[in-house]
Structure formats: C-alpha cells, structure tokens
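# what's the 3D shape of this:
(one chain, ligands or ions: 1)
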Amino acid sequence: KILILDFGSQYTQLIARAVREANVYCEIIPFHKEFTYEKGLKGIILSGSPFSVNEENAPNVDIADMIQHIPVLGVCYGAQLTAKNFGGRVDKSNKREYGRARLEVLKEDQLLSGISKGSQVWMSHSDSIVTLPDEFEITAITESIPVAAFKKMTTDTCPLYGIQFHPEVYHSTEGKKIIHNFLVNICGCSQDWTPASFVHETVEELKKQIGNHHVIMALSGGVDSTVAATLISKAIGNRLHGIFVDNGVLRKDEFQQVLDTYKTIGLNVTGIDAKDLFYDEFKDKTDPEAKRKVIGRLFIDVFQEEAKKVAGVKFLGQGTIYPDVIESVSVHGPSQTIKSHHNVGGLPDTMHLDLVEPLRYLFKDEVRKVGLEMGIPADMINRHPFPGPGLAIRILGEVTAEKVALLQAADDIYIKALKSHNLYSQVWQAGAILLPVKSVGVMGDERTYEFTVALRAVTSVDGMTADWAHLPYEFLAHVSNEIINNVRGINRVVYDISSKPPATIEWE
Ligand code: XMP
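Just a heads-up that it's a prediction; the model follows:
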C-alpha cells in the first residue's frame, strides 16, 4: 500500500488514480492525520497544494522521520516542502510556470529511468526551488527552472525524491511511467492489486463482517449499487435483500429491464411498484426543491416499509464510492473546515443498521472494472449516471403520469439513437427534458399546439464541471425528426448548449 498525504491540491485524486492504475493499492489522507507504519505500507507520496511553503501557516510534515521508515516522493508543493525542510531555499519565482514544459534529465536515476529526452511535463506553481540542501542532487531541469527533479544522495535513510511538475495529470505524457518507477523500482510494490484480487479479498472480508446476518439494500439500477450488491451477494447469497422501487419517474421500461438484469446476475431483489403513491404526491408540486423532497421522503417510507418485512436485518448495504468519503483539505487553511465523511444513501440513522460499503475505497472507473470482472453485463456497467429523482427533475413544473409517458417516449428515442450512432459512450450523460412550453406547429395541413423537448448531452469527468457535447448536426436532425414524428404531444425539439458552470447538468 502507498499513502498519499494530501496538502489540498486539486490533483491529489489523480495521483491516487495513477497509483491504482499501476495495480498498487493506495489511500489518500489529510497531511495532518496520524498513521502507522504498518506492514505492507511501502511508500509515501506528498501531494501538491495551493499554499506556498513560505506562508506562515503552511502545512508541514516530518519528512525526515518518514524516510527513517519508507521511501518518500514529493510532488510540486511536496517537493518544495522537502527541499525547505532539509535546509534548501524556495522563493517566489519571477516567472510563474504553468502548463507545458520540457524535461531535461541530467541523471537517469531509478525515478527517471526510461524517460525520453525533452519529455513533456505539466507545471503549475509560482514558487521555485532555488537552492537544494547539501546532500541533495538535481536530476532534471527545464528551460525555466533550475530544479525540476531531485533526490537525496545520502543512503543512511530510505530514498527521498522530489519533482516540481505534476506526473499525475494527463498532459505529463510520461508521468505514469515516473509514478510506476517510484512504485516498483523504489518502493518495491508488487502490482498485484487487480479487479480480480479486489473481488476475492472483498468477498472474504464481507463474509467476516456480516457473519450469519442479513443485509438490506436499496438498489437504483445504477452502476455503484449494482456492483456493491453483487459483491455482497457473492459473500452471503440470498441473505442480501435488495429493494428496487418504481417511483413512476424511471425511464421507459426501465423497471422491468433492471429487474431482469438483477435476475441474470443472480441478485435477490424485490421490485416494488409505488408509482401511484408518487403520482399522488406530485399533484400541484411545481417547485424543484419540493419535488425532490417528496421523492426523498416517499422513497424512505417505501423502503422502510419493505425492510420491516425482512426479519433479523442487521446491516444496510450502500454503494458509496471513494470520492464520497475522501476527507478533503480545505484551501482556506488547513485547520479550518475539513469536510467530514458523508454517505450517499440518505437513509435515516433511526433504522439502527450498521453500514456495509464494499466500494468505499474505489474510484468510479475501478467500480466499472470490478463489475465487469464479476460478469455484470457491459450495458449495465456503462450506463450513464441517472439522478435519484429521475424524470421528475426533467419535467419542469408539475409531474403527471401523462407527461412522464411523453418524456419517456422522447428520451427513449434519443438514448437509443445515441447508442445506434455510437455516440452513447462518447458523452458522459444525456437525457431529454420536457419543458412547460407549448408552441404552434404544422403537421400536414393541421395546426398543432404542443410541448417542447430539450435534449441535453454533456461531456464531463465527474459531473462537477461539464461542457455541452458537440453532437453532429445530422444526428440532432435525425433525433428531432424521430421525436416529432413519433411522439404525439411534442412538436418542437431544441438542444441545450450550456456548460456547467454556470448552468447545471439537470434543469431542476
Ligand atoms: P447537476 O444538475 O447538479 O448534476 O449539474 C450533476 C450530476 O448529479 C446528478 N444529480 C443527482 N443524482 N440525486 C442523484 O442521485 C439527485 O438528487 C441528483 N441531482 C442531480 C445529475 O444527474 C448529474 O449527473
């Protein structure tokens, strides 16, 4: 295992993902959190940071002590902190360095082994290391900075390296190789953390954690809950009781299709048709927050009612993933607002159930790989995200069964077309939105006065920021025609060209 000490850089999670991609397990912890040098801990990576090492309250750690135990690699701020702590000097550079730089390797050591001449690296810093401590050696430079990489020469401790650039970002073309070198050449990691080994180990741990007890779990048809449930099911079989609720605002035929898939995977899931209950409560509700609250509340009611029917339940399964639980370091000061853990299930504590969260340490792409490893159909694994409140937040204004049917029909045409034109996997999320706008149209000789549908498709990495997807005009023309010709009640289709921010992905 590798520990990544987070000093608040926006790229810290990318370091973790790069390490995991090399099949080495790692965890991110805030820099000030205590840890032990347990067996199996092979190395430490110090992240970047929005701070300057020369600021008064700059975050600091005892690197000299760390290298008494295991190898350390400092990245950006981590490298500057290393230089400073051992007696070097870091100054504000007269030239800020952001973006592309070319690395000139002076000494091909274990860290920089195999890196090409002039390799592109990505910089993001305004301080520079100007003098290294005595017992350190410069191993690479760039045109604009005198110290791009260094190592500690003395061998009385474990190895210590620093790099000024960010190897974890996409634009550092050989960054992954450098991280690999650190993990394998320097820390001696064995690269055996694979989806298969994760499944094996997790199932064993779940067996121990759950014992002979029963687990209930709300399933949504989404990737995370499906993969989590499958792991739990592998451990305890039908003592997992999944509950999948039809809230009346799922996609067309989704309820049945998802239940069928669960059956294929072998999950013990009960489908609950609660459509009417939801439709009753949607009446006269037009405010987005009011709609969301109704859905949240009813869902919990239905779930608890079902849960009561399962005797002797001790655990609640959840599909919480790593980005939901990483403690982040605030950029406003290390001692302020450290976010606390939160889980995504939203089910009340009053149920007095212990949590089972087998995906707690996985990133989304890893969840997908684990899912495929367990034989979950690729269709299910590669589904776009779909919001908990479903189509209710894509029908602006009051939600009725009729409007749901209209939107389901339009959305189905759109999503199927994305798939058949091989565009589905190129966008991060897509869906149709039913606007509370009627306009005049003409069909044959007849005047129409019908609803408008907006199509939304975005590219994104994590849903936090997003750009509208530049879908081909021919494709949009095709979908528009299909919807207007096939869905009675819709006579106009528009395409949403707003990015997030300032817009959001969903309209409500
Ligand atoms: P926004 O609209 O905030 O959406 O840009 C970002 C991502 O979050 C999804 N979303 C939700 N997911 N429950 C969910 O499970 C919700 O209440 C919810 N609201 C938005 C949205 O679909 C997008 O992927």
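
# tell me the contacts of Q191?
Taking CB atoms under 8 Å, 6 or more residues apart in numbering, we find Q191 in contact with 22-24, 183-184. No exception for glycine: its C-beta is placed from N, CA and C like everyone else's.

# cool, and G222?
319, 383, 385-386.

# For ChimeraX, what selects the buried ones among those?
In ChimeraX syntax, the buried subset of the contacts of G222 is picked out as below (16 or more other CB atoms under 10 Å):
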select :319,383,386
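
# quick one on the thing from earlier: by neighbours, which of the contacts of Q191 wins?
For those, counting by other CB atoms under 10 Å, the largest number of neighbours falls to L183: 25 neighbours.

# Do you know the pLDDT at the residue lying closest to that one once chain neighbours are set aside?
In this structure, L183 finds its nearest non-sequential neighbour in C189, 4.4 Å apart by CB to CB, 6 or more residues apart in numbering. pLDDT, C189: 98.

# And for the one 3 residues further on?
We note a pLDDT of 97 for D192 in this prediction.

# One more: L347?
The model's pLDDT for L347 equals 67.

# where's R492, which helix or strand?
Per DSSP states H and E, R492 falls inside strand 490-495.

# count of neighbours near the closest residue to P501 other than its chain neighbours?
Nearest non-adjacent residue to P501, counting by CB to CB, 6+ apart: T465, 7.0 Å away. Using other CB under 10 Å, T465 has 13 neighbouring residues.

# Could you list the low-pLDDT ranges of the stretch 301-450 of the chain?
330-348 (pLDDT under 70).

# quick revisit: look up phi and psi at the residue nearest to P501.
The phi and psi values for T465, taken as degrees, to the nearest 10, are phi -130, psi 160.

# Distance check, it against L418.
T465 sits 21 Å away from L418, going by CB to CB, to the nearest Å.

# circling back to that earlier point, could I get the contacting residues of the residue nearest to P501?
Applying CB under 8 Å, 6+ apart, we find T465 in contact with 499-501.

# which among those residues end up buried?
By 16+ other CB under 10 Å, the contacts of T465 give K500 as buried.

# Near the ligand, list only the ones from the contacts of T465.
K500 (CB under 6 Å from any ligand atom).

# export the contacts of T465 to JSON lines and tack on secondary structure and distance to I243?
As requested, the contacts of T465 are exported to JSON lines (DSSP: H, G, I helix; E, B strand; the rest coil; distance: CB to CB, whole Å):
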{"residue": "S499", "secondary structure": "coil", "distance to I243": "37"}
{"residue": "K500", "secondary structure": "strand", "distance to I243": "32"}
{"residue": "P501", "secondary structure": "coil", "distance to I243": "36"}
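
# just the contacts of T465 now: which is nearest the ligand?
Comparing the contacts of T465 against the ligand with CB to the nearest ligand atom places K500 closest, at 5.2 Å.

# Can you tell me the closest non-neighbouring residue to the closest one?
The shortest distance from K500 to any non-neighbouring residue, by CB to CB, 6+ apart, is to A466 (4.2 Å).

# which ones are touching the one you found?
Counting by CB under 8 Å, 6+ apart, A466 touches 428-429, 458-460, 499-500, 505.

# Return the subset of the residues you listed lying in strands.
Among the contacts of A466, the ones falling in strands (DSSP state E) are 429, 458-460.

# Restricted to buried residues, select those residues in ChimeraX.
To isolate in ChimeraX the members of the ones in strands among the contacts of A466 that are buried, counting by 16+ other CB under 10 Å, one can use:
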select :429,458,460
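
# where's K369, which helix or strand?
helix 364-373.
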